[in-house]
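Novice: quick one: sequence and predicted model below, then my questions.
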Amino acid sequence: MKKNKKLKNRDLNVIWHPCTQMKDHEKLPLIPIKKAYGVYLEDFEGNRYIDAISSWWVNLFGHTNSYINSKIKEQLDELEHVILAGFTHEGIIRLSERLVKLTPKNLTKCFYADNGSSAIEVALKMSFHANLNDGKNKPLFVSLKNSYHGETIGALSVGDVELYKQTYEPLLIKSIQSDVPKDMSENSAIEAAKKFEELCQKRHSEISAIILEPLIQGAGYMHMYHPLFLRLIREICNRYNIHMIADEVMVGFGRSGEMFACESTGISPDFLVLSKGLTGGYLPLSVVLTSDEIYMKFYCDYNQHKAFLHSHSYTGNALACAAANATLDIFENQNIIEKNKTTAKYMAKKLEVFKNLANVKSIRQTGMICVIELDGYTPEQRIGLKIYQFALKKGVFLRPLGHVIYFMPPYIITNDELDLIFNVTYEAIKHLEE
Ligand SMILES: Cc1ncc(COP(=O)(O)O)c(C=O)c1O
């Protein structure tokens, strides 16, 4: 039996995969990956696939990047991990200093966790608790319609994608979903912000924070909106004393076109949540940056109710920090944000041809994310799965969100590789019409 097949059988005997209806694998082949390099994933039969979605949006500078590899290897012989309570290490200090420098200037303190959802839980708890320490009980969170913030119970509560949330509704904490701008225009930004303001007028005394994904709602079908919305929300939060939590787990580290999406309007959130690209896609790590003002609400003589006693075992893992520092070195030394602007322009040009296809409803782009939204299909048709299967046969790994195809490649992708991705996708969409 071929190695691919053998591994598939062994896997399906013992592994329950994420975000997967396992019965699908009775027909849908699972793909064991032997190795990966640059934008390519390679299986045991030598087939290679361009990772057009950066392995769930995490990879920035390619797989097995030689520089990041070398920095992790160096770290491995020195210190692999140490508890972060009562101890610290040089890598995490350096990383925190750099993050504080790179992010909006009121963000001065870093609190670490080890994945995006956990960091969302940290931000929600910190916001609520900071108010409590101030003598205010504000148990309500606002998020945007169609948002996604992760899948732990708190994060799921403030999300709004039915597919992930509905089943667990009885378990969730209190939250309200306010309008997201319906498109990328300034007018729709103004309209949606008005709705949030109306809500604040009525209930501001209960609301701890609004949490949002700046500029692009990822798992919410890559919905995009105008940066003006962020500025308006910031102003409303200031007027009503409500925290603003910016979830840049997906859009952070250059995806939006700027290093951080908040930069597009120069606003500072009270909490900035980062993960995914933080380690270049190598190791789990996440961080919540916040202000001295918030930090000082917890800073007092020991009182178990006032301290923020949240912890995860692998918080601030030294190997993950080495990967994160190496990732920031690459940003610093290779002018990545400027280079990405050139790549994004090339992607914009390639996207144009999709406008003319009959089954395309819209195309859109923000920075290094391009979207082709199809029209006229029902969820039961599982159109995304068909596109996935077609593209895979041609050497491209796509993972559409239902009828929404998107590209979010590693930043090192070349024009030739982009040509292949776009051409294969064009063929795949045409093929649906046949
Ligand atoms: C905007 C956003 N927030 C939070 C998360 C959750 O991150 P994780 O999957 O690491 O828990 C995600 C994951 O896709 C995300 O896109």
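Specialist: That came in fine, so what should we check first?
Novice: and Ser143, what does it touch?
Specialist: By Cβ atoms under 8 Å, 6 or more residues apart in numbering, the residues touching Ser143 are His149, Val158, Gly159, Asp160, Ser175, Ile176, Gln177, Ser178, Ile210, Ile211, Leu212. (Glycine included, C-beta is placed from N, CA and C.)
Novice: so what pLDDT did it get?
Specialist: Looking at Ser143, its pLDDT reads 98.
Novice: from the contacts of Ser143, which ones fall inside strands?
Specialist: Judged by DSSP state E, the subset of those located in strands is Ser175, Ile176, Gln177, Ser178, Ile210, Ile211, Leu212.
Novice: list buried residues within those.
Specialist: In these, burial by neighbour count holds for Ser175, Gln177, Ser178, Ile210, Ile211, Leu212, counting by 16 or more other Cβ atoms under 10 Å.
Novice: number of residues surrounding the closest residue to the third one other than its chain neighbours?
Specialist: The reference is to Ser178. Leaving aside its sequence neighbours, Ser178 sits nearest to Phe196 (Cβ to Cβ, 6 or more residues apart in numbering; 4.6 Å). Phe196 has 25 neighbours, counted by other Cβ atoms under 10 Å.
Novice: from Met244, how far off is Phe196?
Specialist: Here Phe196 is placed at a distance of 11 Å from Met244 (Cβ to Cβ, to the nearest Å).
Novice: can you check Ile31 too?
Specialist: As judged by Cβ to Cβ, Ile31 and Met244 stand 41 Å apart.
Novice: compare those two (neighbour count), which wins?
Specialist: Using other Cβ under 10 Å as the criterion, Ile31 and Met244 rank with Met244 on top: 23 against 16.
Novice: report whether the more buried one is found in a strand, as I expect.
Specialist: Yes: using DSSP: H, G, I helix; E, B strand; the rest coil, the assignment for Met244 is a strand.
Novice: mind starting the numbering at 636 from now?
Specialist: Will do, 636 is the new start, and the previous item becomes Met879.
Novice: Val886 is in contact with Leu909, correct?
Specialist: No: between Leu909 and Val886 there is no contact under Cβ atoms under 8 Å: 9.8 Å.
Novice: list the contacts of Pro739.
Specialist: Applying Cβ under 8 Å, 6+ apart to Pro739 gives the contacts Phe895, Cys897, Glu898, Gly901, Ile902, Ser903, Pro904, Leu907.
Novice: for the fourth one, give me the pLDDT.
Specialist: When you say that, I think you mean Gly901. 92.
Novice: related to what we said a few turns ago, residues in contact with both of Phe831 and Met879, list them for me.
Specialist: Listed as contacting both Phe831 and Met879 by Cβ under 8 Å, 6+ apart are Ile845, Ile868.
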